[in-house]
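Asks: Take a look and give me a structure for this.
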Amino acid sequence: MNVILIISDTFRRDNLGCYDGNLAYTPSLDRFASEAILFENAYCLSFPTVPNRNDILTGRATFTYKPWSPLGSDEITLQDTLNKAGVLTSLIVDTPHPFAPGFNYQRGFQGWELIRGQEHDRWKTAPSDVKLPCDPGKLRNPYGTVIQYLKNVSWRKHESDYFVARTMQAAIEWLEENYTSRFFLYVDTFDPHEPWDPPKHYVDMFDPDYDGEEVIYPRYDRWKEFLSERELQHCRALYAAEATMVDRWVGLLLERVESLGLMKNTVVIFTTDHGFYLGEHGYIGKSLIRENYHQSIPLYPEVSAIPFIMYVPGAEGRRVKALVQSIDLMPTILDFMGVEIPPTVQGHSLKPLIEGKVDKVRDIAIASPTLSSRGIKVPHPTNRATITDGEWMLIYGSQVERVEGAEMTEMVDSIKRKVAAIEEKPLAPELYHLPDDPGCERNLFEEGHDRAKELHAQFVEFLERCEVPEEHLRFFRYI
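Replies: Here you go, the predicted structure:
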């Protein structure tokens, strides 16, 4: 058995018609899902981009022991484990941060190709006179990231020059050269992560009459503080357009997989690391960033609930309600390839679930920024975990009244900032009943306190199993 893993960064679940979404237009992935296993209750685990890749490539709960940081030299990885079993491993990627110089998540792949130029990758130095597409006050890091990005993409002429197109085409070419081998191919594209600048014909599918400023890389903030409703609407259209372009090029890769005869012996997985707020809960982005300060915000379903679609040769397409997470990818891939799962892995193989031998692999799913690491003195209360059993969702952070000293973070873009409580409001736990309130708008924490306590107890048990040190764990022991 071979495995192809496709990650599309920041790909919201409601892009997809197969998840009853209509944000984007996704005929290729919807068709793929009709023949695959679709997990209805999939959640990211460690948040955001870099910790998530650490989850995927180590099978460990990154948020319990390390922040946004390079791959540890002592980590036992998916690629190393497969290499020892005689599997050809390759990585094709345009996602910048985990594979940037020094972060080293490509370590151990027998072959890897990095498509340069995403976000503030210092790739191109010309032209020198690029112009910002809107008022710089509406952009995050306009004179650093946005200017650099515009230099990086100034040469593009055709859709095939865009990042997701180049990445999927490189994956197609790799398959044409290596399809007779026993292989694991990991394809990772940053799209539809911002900056959002897809070809105009995609944007016209969603907002053809817009004639205002192009806010392609918006501040992570309360959107009403710097955008008009019309500009927010266009941001949604830009995002949807880019997600639609992702669907087209992933679809071309899937077509080549089929035409090479690989559907009979290859597991193909499509998923993401997290979603993105496009006005929901008052936010645009996935955290708050102002000047040199960063604050995490709650990971409601728009961010924490992810698409997770898995084609397995011989298995009928169907929908599975069991809770699954990103951390389950490594053991699942190893299990399907007949390779022993290292004892360091904390995720669960989904093979028994797919084969009908079990009806669940976990009782709760957790999504969280880093809560414990060597660099943290006191867990910051703004870094809150999402805990769900599929019916109820608890938003919960460390029970700390005051944090002394400045904790630094590099999330979400490898730029160092101080962790701070930017929003001046009480940080109390929240509880939502998802069947009645999928958008998490009615906080039922007071009336549902007993249910919150049950979810909290399961959360603490998980932290204990992950050996979070008591100096941090003590701030999570009560609710």
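Asks: State the helix or strand in which the residue in the chain sticking out farthest from the centre lies.
Replies: Largest separation from the mean C-alpha position in the chain: residue 129, at 33.4 Å (CA atoms, centre = their mean). Assigned by DSSP states H and E, residue 129 falls within no helix or strand.
Asks: Quick check: end-to-end length of stretch 19-36?
Replies: Stretch 19-36 has an end-to-end distance of 13 Å (criterion: CA to CA, to the nearest Å).
Asks: ditto for stretch 205-218
Replies: Termini of stretch 205-218 sit 21 Å apart (CA to CA).
Asks: ditto for stretch 260-269
Replies: Stretch 260-269 end-to-end distance (CA to CA) = 17 Å.
Asks: mean confidence score for that stretch?
Replies: Taken as a whole, stretch 260-269 has an average pLDDT of 98.
Asks: mind checking how far the residue farthest from the centre of the chain is from residue 33?
Replies: 45 Å (CB to CB, to the nearest Å). Glycine gets a C-beta too; all of them are placed from N, C-alpha and C.
Asks: do the same with residue 474
Replies: 44 Å.
Asks: Could you check which of those two is surrounded by more residues?
Replies: The neighbour count for residue 474 versus residue 33, taken as other CB atoms under 10 Å, is higher for residue 33 (22 against 13).
Asks: Give me the spatial nearest neighbour of the more buried one, chain neighbours excluded.
Replies: residue 18 (3.9 Å; CB to CB, 6 or more residues apart in numbering).
Asks: Assign the one you found to helix, strand or coil.
Replies: At residue 18 the chain is in helix, as set by DSSP: H, G, I helix; E, B strand; the rest coil.
Asks: which residues does it contact?
Replies: 26, 29, 30, 33, 34, 38, 309 (CB atoms under 8 Å, 6 or more residues apart in numbering).
Asks: Of all pairs in those, which one spans the longest distance?
Replies: 26 and 38 (12.8 Å; CB to CB).
Asks: For these two, indicate the residue with more neighbours.
Replies: Neighbours per residue, other CB under 10 Å: of residue 26 and residue 38, the larger number sits with residue 26, 27 against 19.
Asks: Quick check: which element contains the nearest residue to that one once chain neighbours are set aside?
Replies: Leaving aside its sequence neighbours, residue 26 sits nearest to residue 247 (CB to CB, 6+ apart; 4.2 Å). Assigned by DSSP H and E, residue 247 belongs to helix 229-259.
Asks: Which secondary structure elements does that helix sit against?
Replies: Here helix 229-259 touches strand 2-8, helix 27-34, helix 163-178, helix 200-203, strand 266-271, strand 277-278, going by 3 or more CB pairs under 8 Å, 6 or more residues apart in numbering; DSSP states H and E.
Asks: go with 6 Å
Replies: Here helix 229-259 is seen to pack against helix 27-34, helix 163-178, helix 200-203 when contacts are counted using 3 or more CB pairs under 6 Å, 6 or more residues apart in numbering; DSSP states H and E.
Asks: Okay, buried residues for that helix please.
Replies: Neighbour counts using 16 or more other CB atoms under 10 Å place 231-254, 256-257 of helix 229-259 among the buried residues.
Asks: try stretch 283-297
Replies: 283, 284, 285, 286, 287, 288, 289, 294, 295, 296, 297.
Asks: can you check stretch 312-323 too?
Replies: The neighbour-count criterion (16+ other CB under 10 Å) identifies 312, 320, 322, 323 as the buried residues of stretch 312-323.
Asks: List the contacts of that stretch.
Replies: 34-41, 264, 267, 353-354, 360, 362, 365, 390 (CB atoms under 6 Å, 6 or more residues apart in numbering).
Asks: so which of those residues would you say is closest to residue 378?
Replies: The nearest member of these to residue 378, counting by CB to CB, is residue 365 at 26.1 Å.
Asks: Looks like that closest one contacts residue 45 (just checking).
Replies: No. With contact defined as CB atoms under 6 Å, residue 365 does not reach residue 45; the gap is 7.8 Å.
Asks: can you map out the strands along the stretch 351-479 of the chain?
Replies: Using DSSP state E, counting those that start in this stretch, the strands of the stretch 351-479 of the chain run over 365-367, 385-388, 392-396, 408-409, 417-419, 430-433.
Asks: Switch those over to CSV; also include distance to residue 63 and mean neighbour count.
Replies: Formatted as CSV, the strands of the stretch 351-479 of the chain follow (distance: least, CB to CB, whole Å; neighbours: other CB atoms under 10 Å):
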stretch, distance to residue 63, mean neighbour count
strand 365-367, 8, 27
strand 385-388, 8, 24
strand 392-396, 13, 25
strand 408-409, 13, 18
strand 417-419, 14, 18
strand 430-433, 19, 20
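Asks: can I get those in CSV with distance to residue 221 and mean pLDDT?
Replies: Conversion of these to CSV gives the following (distance: least, CB to CB, whole Å; pLDDT from 0 to 100):
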stretch, distance to residue 221, mean pLDDT
strand 365-367, 21, 98
strand 385-388, 21, 98
strand 392-396, 20, 98
strand 408-409, 17, 90
strand 417-419, 14, 93
strand 430-433, 20, 98
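Asks: Save those strands as TSV, and put in distance to residue 121 too.
Replies: Conversion of these to TSV gives the following (distance: least, CB to CB, whole Å):
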stretch	distance to residue 121
strand 365-367	27
strand 385-388	31
strand 392-396	34
strand 408-409	20
strand 417-419	19
strand 430-433	37
